[in-house]
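Participant: Sequence and predicted model, in that order:
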Amino acid sequence: MPSIQIVGGGMSGLSAAFLLEQQHQDYQLHEGGLHWGGKLQTTIRDGFAMDHGFQVIQSAYPALQIFQQKGYLSDALAFGSGAWLLSNHGKTLLADPLREFPRGLAALGHPSIRLTDVFQVVRLRNALIRKQPEQFFVTDTSTTLQYLQNQGFSQPFIEAFFRPFFSGIFLEEALKTPASMFQFVFWALANGKACLLPNGVQTLPNRIAADLNPSKIHLSSQQLKPLMADDPTHKNFFSTAVHYYAVDADMGLGKFIALNATQRGNINLLAVPSAVQSGYAPKGKHLLCVSMKPSVAAQENTMPSAQAILHEVDQLLQTNSGAQWLDSFTVKHALPADTRYTYQPNNFEGTVVQENNHTTFLATGAIANPSLNAAILNGIGFVESLNSQ
């Protein structure tokens, strides 16, 4: 077996190292930064765990199985299945009518929601939940917006729910993301839950790294620095930005995220992660996460102040929160905007370099689609390609 060098300690590189460790193969994992996990980063300060971007772990992602078997996700807790819609009419809970019955019926009182929209959600859920993930990335070439319109959803419902909800996932507001990606994410939400781990999203890569041989993994690595400069594959990225505030209560949001359904302002969604995982905030406090619209996040130099955003929060919630600003994070290269949108890597051209008896895996390179599932599959696929040689 050739000497294996893995470049990049994000989820692709960690997944590859994890499997090689289990197979007792020789490898070296090099990460140029100070932390494991790539985009899965959390800053912990004064008892608050602040993820760099509003990030959840979709429990139904198939690739997560290798880590679920190790118990890395055994203490994950989930957001509620649905979302608050924040508008001039107050807040209305749009909950999964099957999982949250009868609470899910309350949304029928919202002016942007028709009974036909609720039926369409149930119909779409039943149609997609039976499929396998690979089936979504085969034939449909429409955008997410076109797909939703073709499915018969009303435009007011698309604007009040689908656009803000999936803008927070795709990090683009036009819903130009291929419908295949929408179907896969919708499938994952229908089959599982959006979860948080104790102490933030970085808990997952930290747990993986903790089980690797410390002599084989290297942070702040200089050995392969020329290969670890900029991403050799992706040229275009979507951005994300979040503000964090300390609050005394959960703002009435509980375990549900809250979407800006007004089509105005800078905010995309609100969430109180400490209402899901208590470790996100010190005892007696809650953590309020305010995620910006992607178009706002992309304009870092003109981003509204944390105080201006708090004023928007109070307007959306129709309250005086008394929140105290903690920190803000902008991730310019949050998601690649130029993936092939396949389920798994077709090949590793440009990301695997073989010289003599050495194999180098550029784990910072191409992934099949912009998701945690695809990043893990990238690492799994590399190891499988090695074993097939």
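Facilitator: Perfect, thanks for sending it.
Participant: In the stretch 251-389 of the chain, where is pLDDT below threshold?
Facilitator: 349-350 (pLDDT under 70).
Participant: any idea where the strands of it begin and end?
Facilitator: Counting by DSSP state E, counting those that start in this stretch, one finds strands in the stretch 251-389 of the chain at the ranges 257-260, 267-271, 286-292, 324-336, 352-355, 358-362.
Participant: now these as a markdown table including distance to A241?
Facilitator: For glycine as for every other residue, the C-beta is placed from the backbone atoms N, C-alpha and C. Formatted as a markdown table, these follow (distance: least, C-beta to C-beta, whole Å):
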| stretch | distance to A241 |
| --- | --- |
| strand 257-260 | 14 |
| strand 267-271 | 10 |
| strand 286-292 | 4 |
| strand 324-336 | 4 |
| strand 352-355 | 34 |
| strand 358-362 | 28 |
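Participant: Spell out, range by range, the helices that occur in the stretch 201-350 of the chain.
Facilitator: 203-210, 294-297, 306-317 (DSSP state H, counting those that start in this stretch).
Participant: Identify all contacting residues around the longest one.
Facilitator: Yep, that's helix 306-317 we're talking about. Helix 306-317 is contacted by residues 86, 91, 243, 245, 251-252, 258, 260, 262, 265-267, 270, 288, 290, 292, 304, 320-321, 323, 325, 328 when judged by C-beta atoms under 8 Å, 6 or more residues apart in numbering.
Participant: Buried among those? Make that a ChimeraX selection.
Facilitator: The buried residues among those can be selected in ChimeraX (16 or more other C-beta atoms under 10 Å) with this line:
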select :86,91,243,245,251,258,260,262,265,266,267,270,288,290,292,304,321,323,325,328
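Participant: okay, and for the stretch 1-150 of the chain, where does confidence drop off?
Facilitator: Ranges of the stretch 1-150 of the chain meeting pLDDT under 70: 1-2, 97-109.
Participant: Which residue ranges of it form strands?
Facilitator: Using DSSP E, counting those that start in this stretch, the strands assigned to the stretch 1-150 of the chain run over residues 3-7, 28-30, 42-45, 48-51, 57-58, 77-78, 82-87, 90-95.
Participant: right, and those strands - which one's nearest Q277?
Facilitator: strand 77-78 (5.3 Å; C-beta to C-beta).
Participant: And stretch 65-82, what's buried?
Facilitator: By 16+ other C-beta under 10 Å, the buried positions in stretch 65-82 come out as I66, F67, Y72, L73, A76, L77, A78, F79, G80, S81, G82.
Participant: now stretch 150-162
Facilitator: Neighbour counts over stretch 150-162 (16+ other C-beta under 10 Å) mark F153, S154, F157, I158, A160, F161, F162 as buried.
Participant: Go ahead and confirm the fourth one touches Y147.
Facilitator: What it means is I158. No: I158 is beyond contact range of Y147, at 10.6 Å (criterion: C-beta atoms under 8 Å).
Participant: And the chain, what are its domain boundaries?
Facilitator: Listed by automatic domain parsing, the domain ranges of the chain are 3-41+202-235+346-387, 108-193.
Participant: what would those domains look like in JSON lines with distance to A334?
Facilitator: Formatted as JSON lines, the domains of the chain follow (distance: least, C-beta to C-beta, whole Å):
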{"stretch": "domain 3-41+202-235+346-387", "distance to A334": "6"}
{"stretch": "domain 108-193", "distance to A334": "6"}
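Participant: Show me the one of the ones you listed that comes nearest A275.
Facilitator: Comparing the domains of the chain by C-beta to C-beta, domain 108-193 comes nearest, at 14.5 Å.
Participant: That closest one: how far from the chain's middle?
Facilitator: When C-alpha coordinates are averaged (C-alpha atoms, centre = their mean, to the nearest Å), domain 108-193 and its chain have centres 16 Å apart.
Participant: Need the nearest residue in space to Q58, chain neighbours excluded.
Facilitator: Spatial nearest neighbour of Q58, chain neighbours left out: A188 (4.4 Å); criterion: C-beta to C-beta, 6 or more residues apart in numbering.
Participant: Tell me how many other residues surround the one you found.
Facilitator: Counted with other C-beta atoms under 10 Å, residues neighbouring A188 total 20.
Participant: which residues touch it?
Facilitator: Shown in contact with A188 (C-beta under 8 Å, 6+ apart): Q58, A60, Y61, N373.
Participant: Just among the residues you listed, which is most surrounded?
Facilitator: Neighbour counts for the contacts of A188, by other C-beta under 10 Å, peak at N373, which reaches 23 neighbours.
Participant: so what's the closest residue in space to that one that isn't next to it in sequence up against?
Facilitator: Sequence neighbours aside, Y61 is the residue nearest to N373 in space, at 4.0 Å (criterion: C-beta to C-beta, 6+ apart). Applying C-beta under 8 Å, 6+ apart, we find Y61 in contact with A188, G192, S371, L372, N373, I376.
Participant: so of the residues you listed, which ones are in helices?
Facilitator: Within the contacts of Y61, residues falling in helices by DSSP state H are A188, L372, N373, I376.
Participant: Could I get the residues you listed in JSON lines, plus columns for distance to S385?
Facilitator: Output for the ones in helices among the contacts of Y61, formatted as JSON lines (distance: C-beta to C-beta, whole Å):
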{"residue": "A188", "distance to S385": "25"}
{"residue": "L372", "distance to S385": "21"}
{"residue": "N373", "distance to S385": "18"}
{"residue": "I376", "distance to S385": "15"}
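Participant: Quick check: the gap between the residue positioned nearest the centre of the chain and A49.
Facilitator: Closest to where the C-alpha atoms of the chain average out (C-alpha atoms, centre = their mean) is Q55, at 4.4 Å. Q55 sits at a distance of 11 Å from A49 (criterion: C-beta to C-beta, to the nearest Å).
Participant: And for E134?
Facilitator: For E134, the distance to A49 - C-beta to C-beta - is 35 Å.
Participant: Compare neighbour counts for the two and give me the winner.
Facilitator: Shown here are E134 and A49; by other C-beta under 10 Å, A49 has more neighbours (24 against 12).
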